[in-house]
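> Predicted structure and sequence below. I'll ask about it afterward.
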Amino acid sequence: MNDQPLNGPDAPRGCPVAHGGDAPTRLYGPEAAVDPLGIYARLRKEHGPVAPVLLEGDIPAWLVLGYRENRRVLDNPRQFSRDSRIWRDWKEGRVESTSPLVPMLGWRPDCVSQDGEPHRRLRGAVTDNLQAVSSRGIRRHITHFAHKEIDAFAGRGSADLVAEYSEYLPMLVLTRVFGLTETEGRRLAESSAQVMKGGADAVLHNDRIMRILGELTERRRLEPGADFTTGLLEHHAGLDDDEILNHLRLVLITANATTSNLLARVLQLVLTDGNRLSGLVSGQLNISSVVEEVMWNTPPLAVLPGRFATADLELGGHRLQEGDLLVLGLTAGNVDPEIRPDVGISVHGNQSHLAFSGGPHECPGQSIGQAIIETAVDVLLHRLPGLRLAVAPGDLTSTASTWEARLDRLPVEFAV
């Protein structure tokens with residue numbers, strides 16, 4: 001690594017520290033909400049595999065666009081830490097505690113906020129209990145709630161599969177896994193969506209989530225059960241109260257947001273391709289291959305928060321300073337022309353996508369998410385004869401936030 005200065009006239013163009021050259025692109029706002037892929041392509045053309053951007057409140061960050069660069073960041077926690085306590089803009093007071101970035105990037109006593117041995121200890125408690133609940137007939141719970149959601153619209157011959165199915169089903173399953181009530185689950189689904197969207201209400205909704213989960217923890221102390229919450233309370237790693245509460249929050253928000261988004265995208269792909277739809281109904285096509293394709297092309301998290309440079313270093317031709325924030329472009333990395341010059345080529349059997357993150361912090365709940373998707377699609381297709389899209393595929397729209405792009409609606413018709 002050479003010793004070129006990081007500030008002054010020789011600073012890299014667009015550096016989020018020096019703000020040299022053109023102002024960095026905002027990853028939020030009207031343009032970002034409607035055309036995130038266009039923004040990623042333009043940034044790649046202008047800056048290469050790493051680009052300076054601004055997050056809400058015009059907080060600077062580096063967006064990692066290249067597949068190989070994403071892998072380097074994910075696989076090297078010593079250079080790119082998950083511990084936001086080293087985030088320079090936070091340490092120097094440029095990020096308010098009320099910022100909508102705090103619920104996504106702020107330090108918490110959970111496994112994603114730490115590296116090394118603290119991370120291994122806490123992650124072990126999470127993975128042990130996720131494995132335990134996934135072995136307790138979770139597909140039975142998924143089937144139950146899938147039928148219950150479908151019952152609400154099955155008699156009318158039409159539905160919006162986003163608002164009436166994918167948006168709430170994963171959270172209803174998680175309520176059973178956590179030991180929550182169904183009413184609490186619907187409120188938590190709404191608040192989780194607001195945390196992911198950001199904006200002025202993100203902190204308020206995060207507080208609501210913490211309040212509901214705090215009440216759940218107290219109930220389970222008095223009345224233990226065969227659920228994820230009790231498992232954390234009783235785990236041999238000896239999690240304290242803050243660690244338990246923050247891991248409940250972590251699993252709840254990430255599992256619901258990613259699974260609901262993924263379910264909607266899988267249904268979109270199935271319903272806009274007659275061959276896939278007929279293949280699934282007849283049993284000639286495996287749903288896992290459809291999920292795999294969606295993981296590559298429209299992963300449920302478009303941008304993953306966040307990593308922090310532990311020293312001055314080089315990445316993708318740019319010089320980063322210690323304490324710089326990086327956000328990982330999972331969608332951009334998956335369609336990187338350096339590894340996928342033709343996105344139309346089949347990726348069947350190739351699971352090297354970035355959708356589950358990677359490295360020590362790779363998503364530990366993949367099997368539960370996969371079970372929810374597979375079961376939810378199977379129940380839907382066999383409950384609703386003649387299921388078809390009620391609008392032209394080109395009429396389907398999405399709205400993006402900094403972190404994700406969600407399908408707005410998925411109107412369908414079917415025989416009654």
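On my side now, so go ahead.

> can you give me the strands in the stretch 151-300 of the chain?
Using DSSP state E, counting those that start in this stretch, the strands of the stretch 151-300 of the chain run over 158-160.

> how long is stretch 313-332 end to end?
Stretch 313-332 has an end-to-end distance of 22 Å (CA to CA, to the nearest Å).

> pLDDT of that stretch, averaged?
For stretch 313-332, mean pLDDT rounds to 98.

> list the buried ones in that stretch?
313, 315-316, 318-321, 323-332 (16 or more other CB atoms under 10 Å). Using the backbone N, CA and C atoms, a C-beta is placed for each residue, glycine as well.

> Now, those residues that are in strands?
Among the buried residues of stretch 313-332, the residues falling in strands (DSSP state E) are 313, 315, 318-320, 325-329.

> which among those residues gets closest to Thr397?
The nearest member of these to Thr397, counting by CB to CB, is Gly329 at 21.5 Å.

> Start from the N-terminal end of the stretch 251-400 of the chain and give the helices.
Here the stretch 251-400 of the chain has its helices, by DSSP state H, counting those that start in this stretch, at 274-282, 287-297, 330-334, 366-383.

> Burial-wise, tell me which of these comes out on top.
Among the helices of the stretch 251-400 of the chain, the stretch with the highest mean neighbour count (mean count of other CB atoms under 10 Å) is helix 330-334, at a mean of 26.

> neighbouring contacts of that one?
Under the contact criterion CB atoms under 8 Å, 6 or more residues apart in numbering, helix 330-334 has outside partners 36-37, 40, 44, 63-67, 69-70, 295-299, 301-304, 340, 353-355, 357, 405.

> Could you identify the buried members of the residues you listed?
Buried by 16+ other CB under 10 Å: 36, 40, 44, 63-67, 69-70, 295-299, 301-304, 340, 353-355, 357, 405, out of these.

> ok, back up a step: to Gly57, which of the helices of the stretch 251-400 of the chain lies closest?
Short answer: helix 330-334, nearest of those by CB to CB, at 22.3 Å.

> And the average pLDDT for stretch 365-372 is what?
Rounded mean pLDDT across stretch 365-372 is 91.

> quick check, distance from that stretch to the centre of its chain.
13 Å (CA atoms, centre = their mean, to the nearest Å).

> Over to stretch 125-141?
With CA atoms, centre = their mean, you get 20 Å for stretch 125-141.

> before we move on, the earlier item: got the helices of the stretch 251-400 of the chain as TSV, with distance to Ser158 columns?
Listed next are the helices of the stretch 251-400 of the chain as TSV, based on distance: least, CB to CB, whole Å:
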stretch	distance to Ser158
helix 274-282	17
helix 287-297	23
helix 330-334	31
helix 366-383	14
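
> what about the stretch 1-150 of the chain, any weak spots by pLDDT?
For the stretch 1-150 of the chain, applying pLDDT under 70 flags the ranges 1-22.

> 80 instead?
Flagging of the stretch 1-150 of the chain using pLDDT under 80 yields the residue ranges 1-22, 135.

> Quick one: residues in contact with stretch 175-191.
133, 138, 141, 145, 167-168, 171-172, 174, 205-206, 208-209, 212, 216, 219-220, 225, 227-230, 248, 252, 256, 260, 368.

> center of the chain, which residue is that?
Central residue of the chain (CA atoms, centre = their mean): Leu301, 3.6 Å from the mean position.

> For that residue, list the residues it contacts.
By CB under 8 Å, 6+ apart, the neighbours of Leu301 are 257-258, 261, 330, 355, 403-404.

> Just name the lowest-scoring one in the residues you listed, pLDDT-wise.
When the contacts of Leu301 are compared on pLDDT, Ala257 comes out lowest, with 90.

> I figured that residue was touching Gly369, is that so?
No - using CB atoms under 8 Å, Ala257 makes no contact with Gly369, being 10.7 Å away.

> measure the residue lying closest to Leu330 once chain neighbours are set aside to Arg186 for me?
Excluding the flanking residues, the one nearest Leu330 by CB to CB, 6 or more residues apart in numbering is Leu354, at 4.4 Å. Distance, Leu354 to Arg186, using CB to CB, to the nearest Å: 31 Å.

> again, but for Ser135
For Ser135, the distance to Arg186 - CB to CB - is 27 Å.

> Those two - which one has more neighbours?
Neighbours were counted for Ser135 and for Arg186 using other CB atoms under 10 Å; Arg186 has more, 15 against 9.

> How much space separates that one from Leu180?
In terms of CB to CB, Arg186 sits 10 Å off from Leu180.

> Around Glu190, how many other residues sit close by?
Residues near Glu190, counting by other CB under 10 Å: 14.

> returning to what we had before: which ones among the contacts of stretch 175-191 map onto helices?
133, 138, 141, 145, 171-172, 174, 205-206, 208-209, 212, 216, 219-220, 228-230, 248, 252, 256, 260, 368 (DSSP state H).

> Those, buried ones only, as a PyMOL selection?
Restricted to buried positions by 16+ other CB under 10 Å, the PyMOL selection for the ones in helices among the contacts of stretch 175-191 reads:
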select buried, resi 133+138+141+145+171+172+174+205+206+208+209+212+216+220+228+229+230+248+252+256+260+368
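
> Gly48 against Gly317, yeah?
Yes - counting by CB under 8 Å, Gly317 is a contact partner of Gly48 at 5.2 Å.

> for Glu234, what are its contacts?
Pro224.

> go with 6 Å
Going by CB atoms under 6 Å, 6 or more residues apart in numbering, Glu234 touches no other residue.

> do the same with Asp115
Residues counted as contacts of Asp115 (CB under 6 Å, 6+ apart) are 77, 81-82.

> Excluding residues flanking it in the chain, which one is nearest it?
Excluding its sequence neighbours, the residue lying closest to Asp115 (CB to CB, 6+ apart) is Pro77, at 4.4 Å.

> where's the one you found, which helix or strand?
For Pro77, there is no host helix or strand (DSSP states H and E).

> From Glu92, how far out is it?
For Pro77, the distance to Glu92 - CB to CB - is 23 Å.

> the more surrounded of the two?
Taking other CB under 10 Å, Pro77 and Glu92 do not tie; Pro77 has more neighbours (19 against 9).
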